[in-house]
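1. Just need the structure, nothing else, for what follows:
(chains A and B)
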Amino acid sequence: MLDDFLIRAALAGLGLALAAAPLGCFVAWRRMAFFGDATAHAAILGVALSLALSLPIFAGTLVMALIMALAVGALGGRGLAVDTLLGVLSHSALAAGLVAITFVPGARLDLSAYLFGDILAVTRTDLAVIWGGAALVVALILWRWQRLLTATLSPDLAHASGIDPRREQHVLTLALAVTVAVAIKVVGALLIGAMLLIPAAAARPFARTPEAMALIAAAVGGTAALAGLEAAWLFDTPAGPSMVCAAAVIFLASAAFGRGRG
Amino acid sequence: MSLLSARDLQVTLGGHGVLQGVDFHIDPGEIVTIVGPNGSGKSTLLRSLIGAVRLDRGSVTRAPGLRLGYVPQALRIDPTLPMTVRRFLSLPARVETATARTALREAGAEALEGRQMAGLSGGQFQRVLLARALLNEPQVLLLDEPTQGLDQPGSAAFYRRIEEIRAHLGCAVVMVSHELHVVMSASDRVVCLNGHVCCEGHPETVAQAAEYRALFGTGTHGALALYRHEHTHSHDHADAS
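-> Numbers count the residues shown, from 1 in each chain, chains lettered A, B, ... in the order given. Modelled structure (predicted):
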């Protein structure tokens, strides 16, 4: 029943869900939701850069997301409250990206694909990039898992155990930038934050350990990706937003169940 | 030979000088308590000792291969982070269940193994943090206001436990504390801090020192002391080392 492009779309959605799940848990635990949004919004600037320089979209978004994440890190703690700073950078990056793209000839028509994703147009090459990036993110987080958790609990506890919490922050920054670059084709710059946060939030009531939460989040994300695609196919709705809607429905069910239990 | 020593520490946080010219050392088996008014740099000194603070000047030296256990000031765990006590003890190094149980028993937290960290009371939480600090059989245990938020019997019990642990493990203990009456009875040495080391020595000696009285008043061993921040008190002998 599934045509070839639908299989590619399903695999792309699953790849993103896999990388977004453990990273999204850290975004939730460390209250980095706004940080994730700022990084994702910078991706639009990266798209403009890629189109202007004829670079692969992945490369441009990765570079801009990294620059944004590092800029936020460097500017943090210089007077402005962090959420104010992130708000300024996040919206400025999005606006600047939208403006910059209009200067690239012929790019305007494609804009919504970068804002909301274009998962049905995923090619074999895209798929390789998505799964390669996802594997990198998962490997990175697995490798640093114990240290990341310790640094998340308390920077001082991390120091006392010989762990540098700033280095672990950089690990997450890198993972986030790669995830953003991978996700732009799948759900677009505006909805990356949703794919990070919603599965993690939906997983919380059912988890007793961090590992369980990451695994459940992966299951939620994967289910949402497939259900969203199915809905997009049946109702002719945009695929990326449909996936996020599916995740939101799972979250609501989980929240209702969690409240009933608690 | 000191287990842990600091020389001439100078630390600035947020543009304010917090520590100036602070020397500190801890020898095997000693209980040393750091007292001082709010904002006097007690926690900063402790955090400098574990390497969590960037030093403007000075140095911290650890004995080679030193095992240290650190109990931070009341830690808050984000409720979105699910974490059982057992899982918490395996961070960052995974430990055997038998080791974890021994540490929990030693810290008086044996019944908490399967509980969620976010659901613990203040006293239970502190005992779990203590258990975690005991996992590697530390040679020096560093505690930052470990009884904050505990009631009087609770904190008295906590300090008794620390003494038992010291007797059992033979570890040195560095504590930051507000509770002067406990400090005075339980410490081998007291360091009175107010950005710099005002005075230090045996508890009895420190309690009689003019610098100490200027900071804490002259109540019964300082038990009724006012935590007033005095910038104006003077030193006849500039600095104890």
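2. ok but B:Val191 is inside a strand, no?
-> Yes - the assignment for B:Val191 (DSSP: H, G, I helix; E, B strand; the rest coil) places it in a strand.
3. wait, doesn't it sit right on B:Ile31?
-> No - B:Val191 lies out of contact with B:Ile31 (CB atoms under 8 Å); the separation is 11.6 Å. Every residue, glycine included, has its C-beta placed from N, CA and C.
4. between the two, which one's more packed in?
-> B:Val191 (26 against 21; other CB atoms under 10 Å in any protein chain shown).
5. Before we move on, what's the pLDDT of the more buried one?
-> In this model, B:Val191 is scored at 91, pLDDT.
6. Check the one 10 residues further on too.
-> For B:Gly201, the pLDDT comes out at 87.
7. likewise B:Val206?
-> 81.
8. Just the helices from chain A, written as ranges.
-> Under the criterion DSSP state H, helices of chain A are mapped to A:4-29, A:33-53, A:57-75, A:82-102, A:111-116, A:124-153, A:155-160, A:165-183, A:192-203, A:210-235, A:239-261.
9. Same check on chain B?
-> Assigned by DSSP H, chain B shows helices spanning B:42-49, B:85-89, B:97-106, B:122-134, B:152-169, B:180-186, B:203-208, B:210-216.
10. Do the third one and chain A come into contact?
-> No - no part of helix B:97-106 sits close enough to chain A to count as contact by CB under 8 Å from any CB of the partner chain; the gap is at least 14.2 Å.
11. What helices and strands are in contact with that helix?
-> For helix B:97-106, the packing partners by 3 or more CB pairs under 8 Å, 6 or more residues apart in numbering or on different chains; DSSP states H and E come out as helix B:85-89, helix B:122-134.
12. try the longest one
-> On a contact count with 3+ CB pairs under 8 Å, 6+ apart, helix B:152-169 meets strand B:31-35, helix B:122-134, strand B:140-144, strand B:172-176, helix B:180-186.
13. Please dump the helices of chain A into JSON lines; it should also carry mean pLDDT and mean neighbour count for every row.
-> Formatted as JSON lines, the helices of chain A follow (pLDDT from 0 to 100; neighbours: other CB atoms under 10 Å in any protein chain shown):
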{"stretch": "helix A:4-29", "mean pLDDT": "94", "mean neighbour count": "24"}
{"stretch": "helix A:33-53", "mean pLDDT": "90", "mean neighbour count": "25"}
{"stretch": "helix A:57-75", "mean pLDDT": "87", "mean neighbour count": "20"}
{"stretch": "helix A:82-102", "mean pLDDT": "88", "mean neighbour count": "17"}
{"stretch": "helix A:111-116", "mean pLDDT": "87", "mean neighbour count": "19"}
{"stretch": "helix A:124-153", "mean pLDDT": "95", "mean neighbour count": "19"}
{"stretch": "helix A:155-160", "mean pLDDT": "91", "mean neighbour count": "22"}
{"stretch": "helix A:165-183", "mean pLDDT": "93", "mean neighbour count": "22"}
{"stretch": "helix A:192-203", "mean pLDDT": "96", "mean neighbour count": "28"}
{"stretch": "helix A:210-235", "mean pLDDT": "96", "mean neighbour count": "21"}
{"stretch": "helix A:239-261", "mean pLDDT": "90", "mean neighbour count": "18"}
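14. Could you export those helices as a markdown table, including distance to chain B?
-> Shown next, in a markdown table, are these (distance: least, CB to the nearest CB, whole Å):
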| stretch | distance to chain B |
| --- | --- |
| helix A:4-29 | 4 |
| helix A:33-53 | 11 |
| helix A:57-75 | 16 |
| helix A:82-102 | 15 |
| helix A:111-116 | 27 |
| helix A:124-153 | 4 |
| helix A:155-160 | 4 |
| helix A:165-183 | 9 |
| helix A:192-203 | 8 |
| helix A:210-235 | 5 |
| helix A:239-261 | 12 |
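15. pLDDT weak spots in chain B?
-> B:181-182, B:217-241 (pLDDT under 70).
16. domains in it, as residue ranges please.
-> B:1-67+B:138-152+B:170-241, B:75-136 (automatic domain parsing).
17. okay, how far is it across the shortest one, tip to tip?
-> Right, domain B:75-136. 20 Å (CA to CA, to the nearest Å).
18. roughly how far apart are B:Arg87 and A:Tyr114?
-> 40 Å (CB to CB, to the nearest Å).
19. so who does the residue lying closest to A:Pro56 once chain neighbours are set aside touch?
-> The shortest distance from A:Pro56 to any non-neighbouring residue, by CB to CB, 6 or more residues apart in numbering or on different chains, is to A:Ser50 (6.6 Å). Going by CB atoms under 8 Å, 6 or more residues apart in numbering or on different chains, A:Ser50 touches A:56-57, A:59-61.
20. quick revisit: same list, the helices of chain A, but as CSV with distance to B:Ala111 please.
-> As requested, the helices of chain A are exported to CSV (distance: least, CB to CB, whole Å):
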stretch, distance to B:Ala111
helix A:4-29, 26
helix A:33-53, 36
helix A:57-75, 42
helix A:82-102, 39
helix A:111-116, 52
helix A:124-153, 22
helix A:155-160, 23
helix A:165-183, 31
helix A:192-203, 28
helix A:210-235, 22
helix A:239-261, 23
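21. Quick check: residues of chain B near chain A?
-> Counting by CB under 8 Å from any CB, the residues of chain B close to chain A are B:47, B:50-52, B:68-70, B:72, B:75, B:77-78, B:80-84, B:87-88, B:90-94, B:116, B:142.
22. So which of these sit within strands?
-> Among the residues of chain B next to chain A, DSSP state E puts B:68-70, B:142 in strands.
23. Just give me the closest of the residues you listed to A:Ala253.
-> Nearest to A:Ala253 among those, counting by CB to CB, is B:Tyr70 at 41.5 Å.
24. how deep is the closest one tucked in, by neighbour count?
-> 25.
25. Who are the contact partners of it?
-> B:Tyr70 neighbours (CB under 8 Å, 6+ apart): A:156-157, A:160, B:50, B:133, B:141-142, B:144.
26. beta partners of it?
-> Here B:Tyr70 sits in beta bridges with B:Leu142, as judged by DSSP bridges.
27. gap between it and B:Val35?
-> Distance from B:Tyr70 to B:Val35, by CB to CB: 19 Å.
28. still on that earlier bit, okay if I get the helices and strands packed on helix B:152-169 as JSON lines plus distance to A:Arg30?
-> Formatted as JSON lines, the entries for the helices and strands packed on helix B:152-169 read as follows, by distance: least, CB to CB, whole Å:
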{"stretch": "strand B:31-35", "distance to A:Arg30": "30"}
{"stretch": "helix B:122-134", "distance to A:Arg30": "20"}
{"stretch": "strand B:140-144", "distance to A:Arg30": "22"}
{"stretch": "strand B:172-176", "distance to A:Arg30": "27"}
{"stretch": "helix B:180-186", "distance to A:Arg30": "36"}
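29. between the ones you listed, which gets nearest to A:Phe206?
-> Closest among those, using CB to CB: helix B:122-134, at 23.4 Å.
30. Show me what counts as buried in the closest one.
-> B:123-134 (16 or more other CB atoms under 10 Å in any protein chain shown).
31. Looking at the residues you listed, spot the one nearest A:Leu172.
-> In terms of CB to CB, no member of these lies closer to A:Leu172 than B:Arg132, at 23.2 Å.
32. can you tell me which residues contact that closest one?
-> Counting by CB under 8 Å, 6+ apart, B:Arg132 makes contact with B:69, B:88-89, B:91, B:103.
33. of all these, which comes closest to A:Thr179?
-> B:Leu91 (24.1 Å).
34. ok, the closest residue to B:Gly114 other than its chain neighbours to A:Arg166 distance?
-> For B:Gly114, ignoring the flanking residues on the chain, the nearest one in space by CB to CB, 6+ apart is B:Thr84 at 6.0 Å. According to CB to CB, B:Thr84 and A:Arg166 sit 28 Å apart.
35. do A:Ala93 as well
-> With CB to CB as the criterion, A:Ala93 and A:Arg166 are 23 Å apart.
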